[in-house]
Each structure stands twice: as C-alpha cells, then as structure tokens.
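Asker: what follows is a predicted protein model with its sequence.
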Amino acid sequence: GIDYTIHILSRFRREHKEKKDPREALRVTLGTTGKAVVINALSVAIGFLILLFASMVPLRRAGFLLAFTMLVSSLAALLLLTSLLLLTQVKFAFKENNKK
C-alpha cells in the first residue's frame, strides 16, 4: 500500500511544480497515476481472491484479507491522501516548489 502513496505524492509534486495550482495538479495526478493505482490494486486483489478457492481455510482467509487490504490501501491513497493534500497543504508535498 505504501507504493500507492509514493506514486501519488511523486506525481502530485511534479504536476504542482509545473502547474502551480494544487487542484489542477491533483486532477492530472488522479487522471494518470490514479488510474494506474486502481488497475494495480484491482489486479493484485483479484490475484489474492483466487485463494478463496483453496481447500485450506487459512489460505482462504488470507486471500480475502490480503485482497481487502489492497483495496482499502488504494482507496486511502486515492481519497484520504488527496483530500489531506488539498486541505492541509503539508510542506513535504509542496517542498520542491518552495526552493529557490
């Protein structure tokens, strides 16, 4: 799940450096990197959901929990992180733009 956060933050910083407007940078970030995060999370979650067909109960539970974790972590990165970026405008996300 940490990969999702790193990818989104990295792209947001790059877009914000070019566009200067946080909302526009976030729109482009979600349109590009956001799509990639969704595709990645869904494909990994589906891969783990295959374990639901295992004969061993612990493997079934692990498959469900791992798939659920991937989906929750991607949603947190896409919704929570991006909301916090706009609301708080934390310095580490805007760091490259403040250097002269």
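Answerer: Received it, and whenever you're ready, just let me know what you need.
Asker: can you name the residues that contact Ile8?
Answerer: Residues in contact with Ile8 (Cβ atoms under 8 Å, 6 or more residues apart in numbering) are Thr29, Thr33, Gly34, Val37, Ala77, Leu78, Leu81, Thr82. Any C-beta I mention is one placed from the backbone N, CA and C, and that applies to glycine too.
Asker: same thing but 6 Å
Answerer: Ile8 makes contacts with Thr33, Ala77, Leu81, as judged by Cβ atoms under 6 Å, 6 or more residues apart in numbering.
Asker: same question, Arg14
Answerer: The contact partners of Arg14, by Cβ under 6 Å, 6+ apart, come to none.
Asker: now the helices for the chain?
Answerer: With DSSP state H applied, the chain shows helices at 2-19, 22-49, 57-75, 82-88, 91-98, listed in chain order.
Asker: mean pLDDT for the ones you listed - can I get that in CSV?
Answerer: As requested, those are exported to CSV (pLDDT from 0 to 100):
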stretch, mean pLDDT
helix 2-19, 88
helix 22-49, 93
helix 57-75, 96
helix 82-88, 86
helix 91-98, 60
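Asker: hmm, what's the outermost residue in the protein?
Answerer: Largest separation from the mean C-alpha position in the chain: Ser55, at 32.3 Å (Cα atoms, centre = their mean).
Asker: what separation do you get for it and Ala36?
Answerer: Separation of Ser55 from Ala36 (Cβ to Cβ, to the nearest Å) stands at 35 Å.
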